[in-house]
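*Asks:* sequence and predicted model, in that order:
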Amino acid sequence: MAGQNIYMECYSGASGDMIVAALLDLGADKEVLLSGLKSLNISGYRIEISRLKKNSTEACDFNVIMEETSFDIPERNLFDIYKIIDYSLISENAKDISKKIFKIKAEALAHAHKTNIENIYFHERGAVDSIVDIVSAAVCLDNLNIDDVILSDIYDGCGTVECRSGIIPVPVPAVVSIADRYKLNLKATNIRGEMVTPTGASILAGIRTKKDLPENHEIRRVGIGAGKRIYPNEGVLRIYLF
């Protein structure tokens, strides 16, 4: 079966949950996604998929809710995460997409922290959240049989944000590194706050295949994913199937 093409409109930024929600709204099979996540055999979270209005726009909401529980493993590195993905029951294509995205994120974090990729560890809660977002995006893309992905400019905020290592500027260093290395069109706005997360940027860099929309194209369907943060903009990510 011939693959499908999508255009991702990132004028309100991009995060893992926004991308997954938009892909689900576009028609990705929810049950295929949940079955794939279950096969990862990781615990400490639950998924809620719902619909809501974000600044008057109806959208899908994909929510990874971390449970209040004790974790046996304090942190995982890239190669530990590769094993989790490899041992899962998701498709080989989804596994390849997932590992490509995770490598992009780990390389960006290594660059930001001035170390090598082997020394990057994802603390457990962050690791689980990243695994779920990234694998979910990969499973949904595979389920929709997406061949080509084209991106709009990617809008981010300004100012600073607090993280584990302290106060850092927005766009955050990992996002800047990804945008520079993978030639993403990152655009600064005067909105204070982080609109593009490292996970969101990693997914976009890992799945983009083309830079420009074809001159003649017909939009067949639109998927809209809600963001969690409140900013004075639309607060959604839209994906057009064409």
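*Replies:* The structure has been received and is ready for your questions. Numbering: from 1, shown residues only.

*Asks:* so where's this protein uncertain?
*Replies:* 1, 69-74, 124 (pLDDT under 70).

*Asks:* can you rerun that using 50?
*Replies:* Within the chain, not a single segment meets pLDDT under 50.

*Asks:* next one: the strand of greatest length in the chain to chain centre, how far?
*Replies:* Ranked by residue count and defined by DSSP state E, the top strand of the chain is strand 146-158. Centre-to-centre, strand 146-158 and its host chain are 11 Å apart (C-alpha atoms, centre = their mean, to the nearest Å).

*Asks:* now do stretch 221-232
*Replies:* On C-alpha atoms, centre = their mean, the centre of stretch 221-232 falls 13 Å from that of its chain.

*Asks:* can you give me the buried ones in stretch 16-28?
*Replies:* Residues 16-26, 28 are the ones in stretch 16-28 that count as buried (16 or more other C-beta atoms under 10 Å). Backbone N, C-alpha and C define where each C-beta goes, glycine included.

*Asks:* now the strands for this protein?
*Replies:* Under DSSP E, the chain gives strands at 4-10, 45-54, 57-66, 75-77, 121-123, 146-158, 160-163, 166-169, 186-192, 221-226, 236-241.

*Asks:* deepest in the core, which of those is it.
*Replies:* strand 236-241 (a mean of 23; mean count of other C-beta atoms under 10 Å).

*Asks:* elements contacting that strand?
*Replies:* strand 4-10, helix 16-26, strand 221-226 (3 or more C-beta pairs under 8 Å, 6 or more residues apart in numbering; DSSP states H and E).

*Asks:* taking strand 146-158 as reference, get the angle to the first one.
*Replies:* By that I understand strand 4-10. 0 degrees (axes from the mean of the first three to the mean of the last three C-alpha atoms, to 10 degrees).

*Asks:* now strand 4-10 - C-alpha only, CSV.
*Replies:* Extracted C-alpha coordinates of strand 4-10, given in CSV (Å, rounded to 0.1, in the frame of the first residue of the first chain):
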residue,chain,number,x,y,z
GLN,A,4,0.8,8.8,3.1
ASN,A,5,2.3,12.3,3.4
ILE,A,6,1.9,14.8,6.3
TYR,A,7,2.6,18.5,6.9
MET,A,8,3.1,19.5,10.6
GLU,A,9,2.2,23.0,11.6
CYS,A,10,4.3,24.0,14.6
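
*Asks:* how far out from the middle of the chain is that strand?
*Replies:* 14 Å.

*Asks:* before we move on, the earlier item: distance to residue 91 added to the helices and strands packed on strand 236-241, as JSON lines?
*Replies:* Listed next are the helices and strands packed on strand 236-241 as JSON lines, based on distance: least, C-beta to C-beta, whole Å:
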{"stretch": "strand 4-10", "distance to residue 91": "16"}
{"stretch": "helix 16-26", "distance to residue 91": "15"}
{"stretch": "strand 221-226", "distance to residue 91": "20"}
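
*Asks:* and residue 194, which of these is closest to it?
*Replies:* helix 16-26 (12.7 Å; C-beta to C-beta).

*Asks:* circling back to that earlier point, how about JSON lines for the strands of the chain, with distance to residue 201 added?
*Replies:* Shown next, in JSON lines, are the strands of the chain (distance: least, C-beta to C-beta, whole Å):
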{"stretch": "strand 4-10", "distance to residue 201": "10"}
{"stretch": "strand 45-54", "distance to residue 201": "21"}
{"stretch": "strand 57-66", "distance to residue 201": "18"}
{"stretch": "strand 75-77", "distance to residue 201": "20"}
{"stretch": "strand 121-123", "distance to residue 201": "16"}
{"stretch": "strand 146-158", "distance to residue 201": "7"}
{"stretch": "strand 160-163", "distance to residue 201": "14"}
{"stretch": "strand 166-169", "distance to residue 201": "14"}
{"stretch": "strand 186-192", "distance to residue 201": "8"}
{"stretch": "strand 221-226", "distance to residue 201": "15"}
{"stretch": "strand 236-241", "distance to residue 201": "13"}
